[in-house]
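Visitor: dropping a prediction and its sequence here:
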Amino acid sequence: MAIKSAQKSAPQPARAPRNRQAITLDLVARLTPSAGQADKLSTAFGLEPVDFDEVRAATEGQLGLSTKVLSSTINETGLRIHLQRVVGAFVGSALGAATFYSAKVTVARELTMKLTNEDRDEDRDGVSGFGSKAARAREFAAQAGLTAFALFAAATGAVHAFQELTGEQWKPYEAPIALSRSVGAQTAALQMDALS
């Protein structure tokens, strides 16, 4: 029977911390269509308008009911941590939708600008009964914009509910920066590796 020897590995150098931008409600607001833009989108494309206040209130109510039920079995600190994560998920989802919207606007803009090029060889109109690729891209971008606006409303409600329920303002979770090991700890690790 052959015995495999374990390969010894040298200690890995500490990774340099990455500077990531915190996902905040303000960041989402900068990327999401405003209320005026959302109204224009629903009017111009014949889409159902988003009732911002209703979505926000429903989300606040949902978190309030959930917290009320959980408070009998989870202590205050545990509940705060849970709410921190839930609100973070709402804000992260809204950021994803806003970023997606921005990308789709860029695609729609590029396709629409191609239509104005007089020298192009492509057909200008889509097949009879169907819109052109540019028209479909514009409509898809409009739908993405209204989705982003609705999820921003939900995230706004979640952030407001967090403050109402905990008495604290919600802040995005930021993992602590891992400090590199001291020279003494690195030396001890090397010595223990040599002993084994």
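Guide: Looks like it came in fine.

Visitor: for the rest of this, base every contact and every neighbour count on C-alpha atoms.
Guide: OK.

Visitor: where along the chain do the helices fall?
Guide: According to DSSP state H, the chain carries its helices in the segments 25-31, 35-45, 52-70, 76-115, 133-166, 183-195.

Visitor: so what does the helix or strand bottoming out on mean pLDDT in the chain touch, helix or strand wise?
Guide: When each helix and strand of the chain is scored by mean pLDDT, DSSP states H and E, helix 183-195 comes last, with a mean of 78. Contact partners of helix 183-195 among helices and strands, from 3 or more Cα pairs under 8 Å, 6 or more residues apart in numbering; DSSP states H and E: none.

Visitor: if we can go back for a sec, of the helices of the chain, which is nearest residue 174?
Guide: Closest to residue 174 of these is helix 76-115 (Cα to Cα; 10.9 Å).

Visitor: flag every buried residue along the closest one.
Guide: Neighbour-count burial for helix 76-115 flags 79-80, 83-84, 86-88, 90-95, 97-102, 104-105, 107-108, 111-112, 115 (criterion: 16 or more other Cα atoms under 10 Å).

Visitor: now the angle from that helix to helix 52-70?
Guide: Relative orientation of helix 76-115 and helix 52-70, computed by axes from the mean of the first three to the mean of the last three Cα atoms, to 10 degrees: 150 degrees.

Visitor: follow-up on the earlier one: format the helices of the chain as CSV; extra columns: distance to residue 173.
Guide: Formatted as CSV, the helices of the chain follow (distance: least, Cα to Cα, whole Å):
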stretch, distance to residue 173
helix 25-31, 13
helix 35-45, 28
helix 52-70, 19
helix 76-115, 8
helix 133-166, 13
helix 183-195, 29
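
Visitor: rank those by mean pLDDT and give me the bottom one.
Guide: Among the helices of the chain, helix 183-195 carries the lowest mean pLDDT, at a mean of 78.

Visitor: quick one: residues contacting residue 173.
Guide: 84, 88 (Cα atoms under 8 Å, 6 or more residues apart in numbering).

Visitor: can you check residue 112 too?
Guide: Residue 112 sits next to 134-135 when contact means Cα under 8 Å, 6+ apart.

Visitor: repeat that for 6 Å
Guide: Residue 112 makes contacts with residue 134, as judged by Cα atoms under 6 Å, 6 or more residues apart in numbering.

Visitor: please report the distance of it from residue 148.
Guide: 22 Å (Cα to Cα, to the nearest Å).

Visitor: excluding residues flanking it in the chain, which one is nearest the most centrally placed residue in the chain?
Guide: Note on the chain: the residue nearest the mean C-alpha position is residue 92, at 2.8 Å, using Cα atoms, centre = their mean. Of all residues not flanking residue 92 in the chain, residue 23 sits nearest, at 6.6 Å (Cα to Cα, 6 or more residues apart in numbering).
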